[in-house]
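Engineer: curious how this folds, go ahead:
(2 chains)
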Amino acid sequence: MKNIIGFIRQNFTFFSFLILQIVSLVMLSSYSKSHQTFFGNWNNAVAGSVNSYYNEWAYFFALKATNAKLVAENVALRNQLAENFVPYDTSRKLGTLVLRKDSLEKIRKFYYYPAKVVGNSFTLQKNYITIERGALQGVKKDMAAISPEGSIVGVVVEVNDSYSKIMSLLHRNSKVSAMLKRDRVAGSIEWDGQNPEILSLKNISKSALPKIGDTVLTSPYSSSFPAQLMIGRVTSIVQDPSSNFLTLNIKSATNFYNLEYVYLVENKRMDAQSDMEQKEDNNE
Amino acid sequence: MNNILKNSIRFILFLLVQIIILNEVPPLHQFITPYLYFIFILWLPFGTNRLATTLLGFALGYSLDMFTNTPGLHAAAATLIGYLRPTILNILLAQEATEEITKEPSIGTMGWGPYLIFIFSLTFLHHFYLVLLEWLQFGSFGYFLGKVFFTSLMSMLLILLVELLLNRRKLKR
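Structural biologist: The predicted structure follows:
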């Protein structure tokens, strides 16, 4: 016993080195498996507040670009206003034209929330975006995030009271169901970690015959994303003779370098859909 | 200036430079990620004992991890170079020089050759281990070697630039 204690005392520095290494590796591996923070929300709160302080500066320098983007978006929205579409009056009898209650609300599937980006990374293998909107403001896990231009950004993976974390498309584990606009063949969008402007679209059937420049949209199979949102355009096609599927390189339509705001999309029927998808098949 | 105060300022300064500037720079190339924060470990005074450099390495790496959402990744790499630093200094310098507490590694105190070997070996070890930890989960071998090598070159360049910028040789007189 004495010898063991003596041995540990002699090599105390080496043992503390080993212990620190083991602590680091355990943190790293347990973090990779799930997307939960190792020490709960504590890290998120500290880094979140520093990030939002830093963001105040960065935000100031980007005001001009943000303003231009908002103006463009306002114009796009204004063009969709109901006043712009005036049908010729073909009614034959008088009726109530104004509904007091929005009857469409009963069948609403998607609801949009704005959120300010306070933290964003794109240089790592696993990139996350932190936003200043949390559970108290209606954010839930698995909500989709899209950019102001309407292209997709990522999926919410972690929520606390006032901040949430989005797993960006630029994340090794990110997977989004997508399709080619040309012939509606579905595949999945992933990222190989090399170039933040290039995503890859995998599992496209060889019968699809994609061409360079084809548009890639979200597919209707995703429970988080509304269908037909822009993802990007095909830049090159990787032929793999040993497989039945093609891999396409996609130039991402989202500019991840200067995200200021994102819109979160809530699918009001997500629970019902995932319930149904997880139900076991009783007919076997 | 007081040694402890000076080093605390460096700890915070280089961490902030890494978080606010280098992590925000759009990637120049898929191989190159600029890293500078670990220069704090390289610049600790000669006589700092091994336990202290190891613990400081862990503290530095973990502080950076909190901001990059990768708990343990930089902590592991910085702990490694903290632990190996005294070994490399002992190989490069005479016994008396490595026990000096008032001086710290620089071109002025070590000379060009030993100083370059010193920073290159620790930089290379740091990136090798860092990329290896990422690579265990992902990547190909050519990508791995290229990334380690070019990221090390980039860091060397940054360290020499900081060296020129702060001009520590004059301060020594």
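
Engineer: which bits of the stretch 51-200 of chain A sit near chain B?
Structural biologist: For the stretch 51-200 of chain A, the contact set with chain B under Cβ under 8 Å from any Cβ of the partner chain comprises A:51, A:54, A:58, A:121-126, A:128, A:165, A:172, A:193-196. Every C-beta, even on glycine, is put in place using the N, C-alpha and C of the backbone.

Engineer: for these, which one is nearest B:A78?
Structural biologist: A:L124 (16.2 Å; Cβ to Cβ).

Engineer: so what's that closest one closest to, chain neighbours aside?
Structural biologist: Excluding the flanking residues, the one nearest A:L124 by Cβ to Cβ, 6 or more residues apart in numbering or on different chains is B:T68, at 6.1 Å.

Engineer: single out whichever of the residues of the stretch 51-200 of chain A next to chain B has the smallest pLDDT.
Structural biologist: For these, the weakest pLDDT value sits at A:N51, with 71.

Engineer: burial check on that one, number of neighbours?
Structural biologist: Residues within reach of A:N51, counting by other Cβ atoms under 10 Å in any protein chain shown, total 20.

Engineer: what about it, which SS state?
Structural biologist: Classification of A:N51 by DSSP: H, G, I helix; E, B strand; the rest coil places it in helix.

Engineer: off-centre distance for the helix ranked longest in chain A?
Structural biologist: Longest helix in chain A, counting residues (DSSP state H): helix A:12-33. What separates the centre of helix A:12-33 from the centre of its chain is 31 Å, taken as Cα atoms, centre = their mean, to the nearest Å.

Engineer: now do that helix, average pLDDT.
Structural biologist: If you average the pLDDT over helix A:12-33, you get 81.

Engineer: residue nearest the middle of chain B, spatially speaking?
Structural biologist: Per Cα atoms, centre = their mean, the C-alpha nearest to the average position across chain B is that of B:F38, at 2.9 Å.

Engineer: correct me, but that residue touches B:A78?
Structural biologist: Yes - contact criterion Cβ atoms under 8 Å: B:F38 and B:A78 qualify, at 5.7 Å.

Engineer: close to chain A: what parts of chain B are there?
Structural biologist: B:19-20, B:23-27, B:30, B:33, B:49-51, B:54-55, B:57-58, B:61-62, B:66-73, B:75-76, B:79-80, B:83, B:133-134, B:137-139, B:143.

Engineer: for the longest helix of chain A, buried residues please.
Structural biologist: The neighbour-count check on helix A:12-33 (16 or more other Cβ atoms under 10 Å in any protein chain shown) flags A:T13, A:S16, A:F17, A:L20, A:Q21, A:V23, A:S24, A:L25, A:M27, A:L28, A:Y31, A:S32 as buried.

Engineer: could I get the phi/psi values of the residue nearest to A:L124?
Structural biologist: When read as degrees, to the nearest 10, the backbone of B:T68 gives phi -100, psi 0.

Engineer: need the contact partners of stretch B:117-131.
Structural biologist: Residues from elsewhere that reach stretch B:117-131, judged by Cβ atoms under 8 Å, 6 or more residues apart in numbering or on different chains: B:35, B:38, B:41-42, B:73-74, B:76-78, B:80-81, B:84-85, B:88-89, B:92, B:105, B:110, B:144, B:147-148, B:151-152, B:155-156, B:159.

Engineer: tell me which residues of it are tucked away?
Structural biologist: B:118-119, B:121-131.

Engineer: do the longest helix of chain A and chain B meet?
Structural biologist: Yes - Helix A:12-33 comes into contact with chain B (Cβ under 8 Å from any Cβ), by way of A:12-14, A:16-17, A:20-21, A:23-29, A:31-32.

Engineer: from the chain's centre, how far out does the helix or strand that contains B:F120 sit?
Structural biologist: B:F120 belongs to helix B:112-135 when assigned by DSSP states H and E. Chain-centre distance of helix B:112-135: 8 Å, with Cα atoms, centre = their mean.

Engineer: what's the angle from it to helix A:12-33?
Structural biologist: Comparing the axes of helix B:112-135 and helix A:12-33 via axes from the mean of the first three to the mean of the last three Cα atoms, to 10 degrees yields an angle of 40 degrees.

Engineer: using PDB, write down the CA coordinates of helix B:112-135.
Structural biologist: Output of helix B:112-135 as PDB, limited to C-alpha atoms (Å, rounded to 0.1, in the frame of the first residue of the first chain):
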ATOM      1  CA  TRP B 112      16.500  31.400 -33.900                       C
ATOM      2  CA  GLY B 113      17.200  27.700 -34.300                       C
ATOM      3  CA  PRO B 114      16.100  26.300 -31.000                       C
ATOM      4  CA  TYR B 115      13.200  28.600 -30.800                       C
ATOM      5  CA  LEU B 116      11.900  27.600 -34.200                       C
ATOM      6  CA  ILE B 117      12.300  23.900 -33.300                       C
ATOM      7  CA  PHE B 118      10.600  24.500 -30.000                       C
ATOM      8  CA  ILE B 119       7.500  26.200 -31.400                       C
ATOM      9  CA  PHE B 120       7.300  23.900 -34.500                       C
ATOM     10  CA  SER B 121       7.400  20.700 -32.400                       C
ATOM     11  CA  LEU B 122       4.700  21.800 -30.000                       C
ATOM     12  CA  THR B 123       2.500  23.300 -32.700                       C
ATOM     13  CA  PHE B 124       2.800  20.100 -34.800                       C
ATOM     14  CA  LEU B 125       2.000  17.900 -31.700                       C
ATOM     15  CA  HIS B 126      -1.000  20.100 -30.900                       C
ATOM     16  CA  HIS B 127      -2.500  19.900 -34.400                       C
ATOM     17  CA  PHE B 128      -1.700  16.300 -34.800                       C
ATOM     18  CA  TYR B 129      -3.500  15.300 -31.700                       C
ATOM     19  CA  LEU B 130      -6.400  17.800 -32.400                       C
ATOM     20  CA  VAL B 131      -7.000  16.600 -35.900                       C
ATOM     21  CA  LEU B 132      -6.500  12.900 -34.800                       C
ATOM     22  CA  LEU B 133      -9.400  13.400 -32.300                       C
ATOM     23  CA  GLU B 134     -11.600  14.800 -35.000                       C
ATOM     24  CA  TRP B 135     -10.400  12.200 -37.500                       C
END
